[in-house]
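Student: Pasting a predicted model and its sequence here:
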Amino acid sequence: MTGYGDLADKLNTRRSNPQPAHADGPAPQISAAEVYEHVKLLVGREVDKANVELRKRQLATIERVFLPSYRGKLCLTYGSELFCTVALDETKKQISAAITGPPHGSEIARKDFTLGGDFSPEKASIEIVSGLLEGAFS
């Protein structure tokens, strides 16, 4: 997994040269909503870590967005171009992360994390934050 310092350096290079943890899955008795809340908490921690590295390089930081129309979803933005929504679909037992961006605010990347099995909230939170900075999910 790429470190946030490396991603921030990559973003800093782009700005200078413009061009077009793993843990056991949740126990079965834990609800999907509780897992989602845990992922949101971990994403917040990852955002804090990433922002430290971004500030060191004088780059824009990741911000949390609180929009009434996205109630119940985690919304993050990087700069004024990339917007990421993280939502829980309880019927499918999955957390979906979607990144929208230029040129018309259309979806440019999506990743679905199915709960259970080898799902790791820590790994999912790192992938969400890294994906937002890169504008794509690996």
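Tutor: Ah, there it is.
Student: all contacts plus neighbour counts: C-alpha atoms, from now on.
Tutor: Will do.
Student: just checking, what packs against the helix ranked longest in the chain?
Tutor: The longest helix of the chain (DSSP state H) is helix 32-56. With contacts defined as 3 or more CA pairs under 8 Å, 6 or more residues apart in numbering; DSSP states H and E, helix 32-56 has these neighbours: helix 4-16, strand 62-64, strand 82-89, helix 121-134.
Student: what is the orientation angle of it with helix 4-16?
Tutor: 60 degrees (axes from the mean of the first three to the mean of the last three CA atoms, to 10 degrees).
Student: Just want the angle from helix 32-56 to helix 121-134.
Tutor: Using the same axes, to 10 degrees: helix 32-56 against helix 121-134 is 40 degrees.
Student: Residues contacting helix 32-56, please?
Tutor: The contact list for helix 32-56, computed with CA atoms under 8 Å, 6 or more residues apart in numbering, reads 4-5, 8, 26, 60-62, 74, 88, 90, 93-95, 115, 121-122, 124-126, 128-129.
Student: I'd like the helices and strands packed on helix 32-56 as CSV, with distance to residue 70 and mean neighbour count appended.
Tutor: Formatted as CSV, the helices and strands packed on helix 32-56 follow (distance: least, CA to CA, whole Å; neighbours: other CA atoms under 10 Å):
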stretch, distance to residue 70, mean neighbour count
helix 4-16, 27, 16
strand 62-64, 12, 17
strand 82-89, 8, 21
helix 121-134, 17, 22
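Student: Adding distance to residue 39, write these out as CSV.
Tutor: Listed next are those as CSV, based on distance: least, CA to CA, whole Å:
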stretch, distance to residue 39
helix 4-16, 18
strand 62-64, 14
strand 82-89, 10
helix 121-134, 5
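Student: sorry, back to before: the longest helix of the chain vs strand 82-89, what angle?
Tutor: Going by the same axes, to 10 degrees, helix 32-56 makes 160 degrees with strand 82-89.
Student: So which bits of helix 32-56 are buried?
Tutor: Going by neighbour count (16 or more other CA atoms under 10 Å), the buried part of helix 32-56 is 32, 35-36, 39-40, 42-44, 46-47, 50-51, 53-54.
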